[in-house]
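Enquirer: Please find the sequence and the predicted model below.
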Amino acid sequence: MADYYEIIGVAKDASQDDIKKAYRKKALQFHPDRNPGDPTAEKKFKEVSEAYEVLCDEKKRQAYDRYGSEGMHSYAGGHPGHQETMEEALRTFMGAFGGESIFEGMFGGGFSGQGGGSYGEGPSRVQPGASKRINVTVSFAEALKGVDKELSLNNYILCETCKGNRTTSSDGVKRCPRCGGSGHVFEQRGFFSMSMTCPQCHGEGEIITQPCTSCHGEGRTKQKRRVNFHVPPGIDSGMRLKLPGYGDVGIGGGPAGDLFVYITVEPHEFFERQGNDIVLELPISIGEAALGCKKEIPSFGTQAIKIAIPEGIQSGKTLRVRGEGFPSLQGSGKGDLQVKVIVETPTNLTQRQREILEEFSKLESANNFPKKKGFIEKLKDFFVGAKSGS
Ligand SMILES: [Zn+2]
Ligand SMILES: [Zn+2]
């Protein structure tokens with residue numbers, strides 16, 4: 001634990017006035033309103049506030065001078081290792097300066113802002129816009145080849161009248177009188193003093209006294225907007241596209257959020273996607289399977305895909321056609337077309353077909369059916385073996 005005098009930046013014999021002045025300077029430097037989201041500043045702000053809490057009280061200061069920070073435990077509610085919270089730090093700060101208009105000059109010379117605007121840039125008045133999510137469905141073919149899409153969005157865009165400044169008048173923004181511009185106030189709740197969002201300015205620290213009539217002081221207006229974007233070939237269900245800056249513009253003209261387009265690919269009646277491969281089940285007849293055949297498969301490309309089915313192919317066997325699948329989204333390469341052959345057993349036989357098949361059955365040999373050969377016997381042996389083994 002660093003020395004409280006060092007933290008505040010005063011000599012050991014400094015007067016209460018000097019301590020208060022030095023604390024004010026440091027506290028303003030590290031105030032969370034000035035350093036939003038900065039953990040280092042937050043830590044420093046807590047440290048100077050903790051140091052000030054001790055040094056501004058002559059009794060605590062004497063105890064500290066005598067015993068160091070160990071001597072403080074009796075003052076910190078009896079918790080050794082008491083950690084200053086942000087709430088306590090802010091309370092100390094407001095307690096010391098709450099009545100004064102300490103935020104004068106904090107935002108760079110009153111409320112005459114930078115960048116040509118004349119309405120200031122308070123830390124919380126301008127808020128970043130929200131990102132949006134939208135669902136888009138594409139067909140199987142569109143996912144394969146890519147597609148340009150157009151969307152109509154109902155978005156917040158920058159108000160053209162006030163350019164996001166929320167007012168068109170040079171003195172249309174006033175510092176909030178209730179909270180002095182800090183955006184928070186303290187409220188007594190029983191024994192505790194709670195830091196609350198200022199009810200008058202809703203935490204913005206400023207009040208728009210003459211709101212822009214086009215946007216009612218929001219700095220943004222809702223408008224229909226067309227968005228064109230490209231869905232790259234190879235996209236799959238569950239993927240999302242990010243369109244930076246196509247979300248809502250924030251209050252006070254804050255930077256727009258992003259638009260996230262969540263993609264769903266419609267299932268196809270015949271084709272199925274597996275990774276970057278396309279799977280097609282192709283029914284063929286017993287004769288075609290036994291004798292072999294050639295097939296032309298209509299495709300998403302300009303030409304049909306020709307495949308040769310070798311004689312003796314078994315049902316369930318897959319033939320692979322290289323490079324006829326989905327393009328890879330990462331880098332180069334394409335998936336394959338997998339043609340899964342399904343041998344269809346003939347039904348609704350005519351008398352003649354029946355005779356031929358019966359005749360074929362009489363002629364069939366073990367050579368014709370290597371898997372079928374002796375299969376039932378092997379199965380029997382298995383059960384006999386299992387019984388004798390037990
Ligand atoms: Zn406006
Ligand atoms: Zn306020």
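Expert: Received it, and whenever you're ready, just let me know what you need. Numbers count the residues shown, from 1 in each chain. Ligands and ions are numbered 1, 2, ... in the order given.
Enquirer: can we go C-alpha only for contacts and neighbour counts from here?
Expert: Will do.
Enquirer: Show me what counts as buried in stretch 11-31.
Expert: 19-20, 22-24, 26-31 (16 or more other C-alpha atoms under 10 Å).
Enquirer: Sort out for me which of the residues you listed are in helices.
Expert: Using DSSP state H, 19-20, 22-24, 26-30 are the members of the buried residues of stretch 11-31 that sit in helices.
Enquirer: Now distance to residue 295 and pLDDT too, for the buried residues of stretch 11-31, in CSV please.
Expert: Compiled in CSV, the buried residues of stretch 11-31 are given as follows (distance: C-alpha to C-alpha, whole Å; pLDDT from 0 to 100):
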residue, distance to residue 295, pLDDT
19, 93, 89
20, 91, 87
22, 89, 88
23, 87, 88
24, 86, 84
26, 83, 85
27, 81, 83
28, 80, 80
29, 79, 82
30, 76, 83
31, 76, 78
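Enquirer: so which of these comes closest to residue 163?
Expert: Nearest to residue 163 out of those is residue 31 (C-alpha to C-alpha; 29.1 Å).
Enquirer: quick one, what contacts that closest one?
Expert: By C-alpha atoms under 8 Å, 6 or more residues apart in numbering, residue 31 lies in contact with 41-42, 45.
Enquirer: what about 10 Å?
Expert: 24-25, 38, 41-42, 44-46, 89-90, 93, 182 (C-alpha atoms under 10 Å, 6 or more residues apart in numbering).
Enquirer: Quickly check these for the two that are furthest apart.
Expert: Across the contacts of residue 31 (C-alpha to C-alpha), the longest gap, 19.0 Å, separates 24 and 38.
Enquirer: Tell me both backbone torsions, phi and psi, for residue 337.
Expert: The phi/psi pair for residue 337 (degrees, to the nearest 10) reads phi -100, psi 120.
Enquirer: What is the burial count for it?
Expert: Residues lying near residue 337 (other C-alpha atoms under 10 Å) number 26.
Enquirer: Report the beta-bridge partners for it.
Expert: residue 278, residue 321 (DSSP bridges).
Enquirer: That one and residue 327 touch, don't they?
Expert: No. At 11.7 Å, residue 337 and residue 327 do not qualify as touching, with contact defined as C-alpha atoms under 10 Å.
Enquirer: what residues do these two have in common as contacts?
Expert: Shared contacts of residue 337 and residue 327, defined by C-alpha under 10 Å, 6+ apart, are found at 276-277.
Enquirer: Could you dump the buried residues of stretch 11-31 into TSV and include distance to residue 238?
Expert: Below are these laid out as TSV (distance: C-alpha to C-alpha, whole Å):
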residue	distance to residue 238
19	60
20	58
22	57
23	54
24	53
26	50
27	48
28	48
29	47
30	44
31	43
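Enquirer: from these, which single one is nearest ligand 2?
Expert: residue 31 (16.3 Å; C-alpha to the ion).
Enquirer: From residue 38, how far off is that closest one?
Expert: 10 Å (C-alpha to C-alpha, to the nearest Å).
Enquirer: With residue 335 instead?
Expert: With C-alpha to C-alpha as the criterion, residue 335 and residue 38 are 48 Å apart.
Enquirer: same thing with residue 278?
Expert: For residue 278, the distance to residue 38 - C-alpha to C-alpha - is 51 Å.
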